[in-house]
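Participant: what's the 3D shape of this:
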Amino acid sequence: MPAEFPKPPKLDLDEFIGTALSATPAELHPFFESFGKLHTRKLWHQLTLKLYEFFDHPLSRPYRVDVFERFVRDFESKLNQLKLVEMGTKVSKEIDNPQTQLKFLNSILSRIDAETSQEAYVLLLANIAYAKLVYGDLEGTKTDMDTAWKTLDRLEGVDTAVNASYYKVAADYYKAKAEYAPYYKHSLLYLACVDVATDLTSEERLLRAHDLGVSAFLGDTIYNFGELLMHPILDALDNTQYDWIKKLLFTFNEGNIGKFEALAPLFPQEPILEESYPFLRQKICLMALIESVFKRNANDRTMSFQTIAEETRLPVDEVEHLIMKALSLKLIRGSLDQVDQKARITWVQPRVLSRTQIGELATRLGVWIEKLGSVEQRMAPHVTATA
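Facilitator: Below you'll find the model as predicted:
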């Protein structure tokens with residue numbers, strides 16, 4: 001294949017179809033016969049659909065690049081540019097050499113109008129960024145990501161494939177950089193753009209679920225796992241060597257220090273978690289504090305240092321530092337009374353609740369409604385007498 005992907009000679013349709021029919025398996029012949037008829041009649045939309053079918057056919061893989069370069073490129077300006085880029089990015093995956101793949105994608109980019117075909121432009125840039133990421137060019141990846149985002153951020157009603165392509169490369173970039181919180185955010189956004197059951201292989205689901213779990217633990221701004229815990233991606237961990245990670249996620253969300261300590265012996269299976277044990281220990285204590293505050297009624301959120309020490313299994317002299325850490329992370333709001341050794345909590349960070357937590361909230365709501373009803377009954381005679 002040409003390294004620079006120069007513009008091919010003008011298409012000789014009959015010669016192209018004849019060569020293809022003699023060089024490809026019989027199963028693909030109907031495609032080429034349709035290509036000839038649709039091209040002759042200039043039915044570009046129907047031809048696009050037939051090309052999609054061809055590129056999706058397993059037997060077409062050795063011929064995809066040649067068909068795109070020799071055939072599609074001749075009339076690409078007449079096609080929907082987003083569809084063209086979707087075909088081009090699919091075809092590019094058949095090119096094993098990363099440098100050659102980049103040249104192929106950049107060749108398409110040079111022929112796309114960034115202003116009139118913005119979604120196509122973003123999709124192509126995201127795929128170029130991904131190719132650079134695979135090639136190990138992190139700086140080039142970030143540059144293309146940022147350029148793509150400038151356009152994507154101002155678009156409305158964007159095709160899900162475009163969003164998915166951007167969020168996937170962004171997530172994997174932050175994974176390569178070991179930046180856990182951005183990975184967690186962009187990975188969940190990527191999953192929101194795809195059908196987990198059909199668009200990801202079982203291996204991809206397992207890896208994504210594993211990486212999301214690890215990033216949730218190690219992300220220094222992630223203290224609410226509810227969104228991940230309700231996502232079907234976590235089902236990929238069931239009955240695997242990583243099923244304990246799923247249990248640990250629920251343990252953190254509950255702020256259950258006893259369960260955390262019971263699962264801690266498994267940390268050596270994930271060296272990064274074992275190395276980060278002091279951070280994880282502090283994090284589970286913060287989660288225990290948040291959960292303890294959340295479970296209390298709004299008028300019962302003045303807690304003694306002793307109570308907090310019992311809830312978090314910390315020495316009393318470490319409680320003040322824990323509360324200050326929670327305040328600095330904006331997990332809670334309130335004040336400290338160092339003389340009386342009490343914390344007055346006025347607000348706790350809103351959370352995506354698990355089903356169990358929703359049930360507990362419903363119970364508290366029921367109690368509140370009962371109290372409201374009793375107040376109404378006591379007040380009713382006085383209201384009637386006044387009337």
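
Participant: how about the helices in the stretch 1-150 of the chain?
Facilitator: 13-23, 29-40, 44-56, 64-67, 73-75, 81-92, 98-109, 118-135, 138-152 (DSSP state H, counting those that start in this stretch).

Participant: tabulate those (JSON lines), appending mean pLDDT and mean neighbour count.
Facilitator: Quick note: C-beta positions are derived from backbone N, CA and C, even for glycine. Shown next, in JSON lines, are those (pLDDT from 0 to 100; neighbours: other CB atoms under 10 Å):
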{"stretch": "helix 13-23", "mean pLDDT": "96", "mean neighbour count": "14"}
{"stretch": "helix 29-40", "mean pLDDT": "97", "mean neighbour count": "17"}
{"stretch": "helix 44-56", "mean pLDDT": "97", "mean neighbour count": "16"}
{"stretch": "helix 64-67", "mean pLDDT": "96", "mean neighbour count": "20"}
{"stretch": "helix 73-75", "mean pLDDT": "95", "mean neighbour count": "17"}
{"stretch": "helix 81-92", "mean pLDDT": "97", "mean neighbour count": "22"}
{"stretch": "helix 98-109", "mean pLDDT": "94", "mean neighbour count": "19"}
{"stretch": "helix 118-135", "mean pLDDT": "97", "mean neighbour count": "24"}
{"stretch": "helix 138-152", "mean pLDDT": "98", "mean neighbour count": "17"}
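
Participant: could those go into JSON lines alongside distance to D243?
Facilitator: Putting these into JSON lines (distance: least, CB to CB, whole Å) gives the following:
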{"stretch": "helix 13-23", "distance to D243": "49"}
{"stretch": "helix 29-40", "distance to D243": "45"}
{"stretch": "helix 44-56", "distance to D243": "34"}
{"stretch": "helix 64-67", "distance to D243": "39"}
{"stretch": "helix 73-75", "distance to D243": "49"}
{"stretch": "helix 81-92", "distance to D243": "34"}
{"stretch": "helix 98-109", "distance to D243": "35"}
{"stretch": "helix 118-135", "distance to D243": "30"}
{"stretch": "helix 138-152", "distance to D243": "32"}
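
Participant: any idea which of these gets closest to K175?
Facilitator: For these, the distance to K175 is smallest for helix 118-135, at 9.6 Å, taking CB to CB.

Participant: so the closest one versus helix 98-109, what angle?
Facilitator: Inter-element angle recorded for helix 118-135 and helix 98-109: 170 degrees (by axes from the mean of the first three to the mean of the last three CA atoms, to 10 degrees).

Participant: which secondary structure elements does helix 118-135 contact?
Facilitator: helix 81-92, helix 98-109, helix 138-152, helix 160-176 (3 or more CB pairs under 8 Å, 6 or more residues apart in numbering; DSSP states H and E).

Participant: CSV for those, including distance to Y184?
Facilitator: Formatted as CSV, those follow (distance: least, CB to CB, whole Å):
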stretch, distance to Y184
helix 81-92, 26
helix 98-109, 27
helix 138-152, 17
helix 160-176, 9
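
Participant: right, and those - which one's nearest A192?
Facilitator: helix 160-176 (8.1 Å).

Participant: the residue nearest to S187 when sequence neighbours are not counted: neighbour count?
Facilitator: Nearest residue to S187 in three dimensions, chain neighbours excluded: A171, at 4.1 Å (CB to CB, 6 or more residues apart in numbering). By the measure other CB atoms under 10 Å, the count of residues near A171 is 24.
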